[in-house]
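Visitor: Sequence first, then the predicted structure:
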Amino acid sequence: MNGKEWFEDYSFWETYAPLMFDEAKWAEVPSNIDRIEKLVGLEPGARILDLCCGVGRHSVEFARRGYVVTGLDITPSYLEAALETAEAAGVHVEFVLEDARRFSRPGAFDLCVNLFTSFGYFKTKEEDITLLANCSRNLRAGGTFVLETLGKEVAARDFIAGEEFERAGWKVRTEYAVVGPWEAQANRWILEKPGLHVDRSFDLRLYSGMEMKDALYQAGFASASIFGDLGGGRYDEKAETLVAVAGA
């Protein structure tokens, strides 16, 4: 991989795309956007940055609803697929190939979203803070950031050592382990189909609700709230995920 970080290996994302973006994941998008609109009170024509947009599921749906959308990702093939989806839907989305830690358009957006657990994969917590600070700077004064990720409390509650299933023509075996005192969750995904074997590992840094709030304030946000789903439910023992809403 020539010294690149694991998430900069585009073949990883291309191989795993059918597992991550199946029909069920596409079908949930309109509901996700409905909930985000209510959660943050989006105004018509708002300027939205979809950070780590992947194949453009949420970017295209936001554009369908009349918002001005920029989708950012580091995987060229994902952006190509996203552009095809936007064109097929008859909407315009600006797709940008860039690292989220370096993308800079100060004050350009009303809303920035980072969805589908696309946060926590850098080597250091300082890099996470860099990304969050970038989000804060790229929002206008009074703009909003929405982050959806796997919270430490949810990960501990639902932890399993692994599972096996079949999806998109692959036989899949996963293995999970706790890193340190719940600093991260180690993930190993083993995929097999006739003549093919793929084995990849990566760590997801975990934040508790309070740790996420602290990180957002450290990154320069003026306010931060933690919820248990995109609908604004409580972050408690029944939380689906960790959703942070921060104000610039």
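Guide: All right, it came through fine.

Visitor: Using the record's domain definitions, break this protein down for me.
Guide: Split into domains by automatic domain parsing, the chain comes to 6-154+206-247, 164-202.

Visitor: Any chance of CSV for those domains, columns mean pLDDT and mean neighbour count?
Guide: Every residue, glycine included, has its C-beta placed from N, CA and C. Output for these, formatted as CSV (pLDDT from 0 to 100; neighbours: other Cβ atoms under 10 Å):
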stretch, mean pLDDT, mean neighbour count
domain 6-154+206-247, 96, 18
domain 164-202, 95, 13
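
Visitor: Name the nearest residue to Asp99, sequence neighbours excluded.
Guide: Once flanking residues are discounted, Asp99 sits nearest to Ile74: 5.6 Å by Cβ to Cβ, 6 or more residues apart in numbering.

Visitor: Report whether the expected contact of that neighbour with Arg101 is present.
Guide: No - under the criterion of Cβ atoms under 8 Å, Ile74 makes no contact with Arg101, lying 9.9 Å away.

Visitor: Just grab the bridge partners of Lys171 for me.
Guide: Glu166, Glu192 (DSSP bridges).

Visitor: Kindly provide the distance from it to Glu163.
Guide: As judged by Cβ to Cβ, to the nearest Å, Lys171 and Glu163 stand 12 Å apart.

Visitor: next one: Gly54
Guide: Counting by Cβ to Cβ, the gap from Gly54 to Glu163 is 23 Å.

Visitor: can you pull out the strands in this structure?
Guide: Using DSSP state E, the strands assigned to the chain run over residues 47-51, 68-73, 94-97, 109-114, 139-149, 162-167, 170-179, 184-193, 196-205, 223-227, 242-247.

Visitor: So which of these is nearest Asp128?
Guide: strand 196-205 (6.7 Å; Cβ to Cβ).

Visitor: what are the pairing partners of that closest one, and which direction each?
Guide: Counting by DSSP bridges, the strands paired with strand 196-205 are strand 184-193 (antiparallel).
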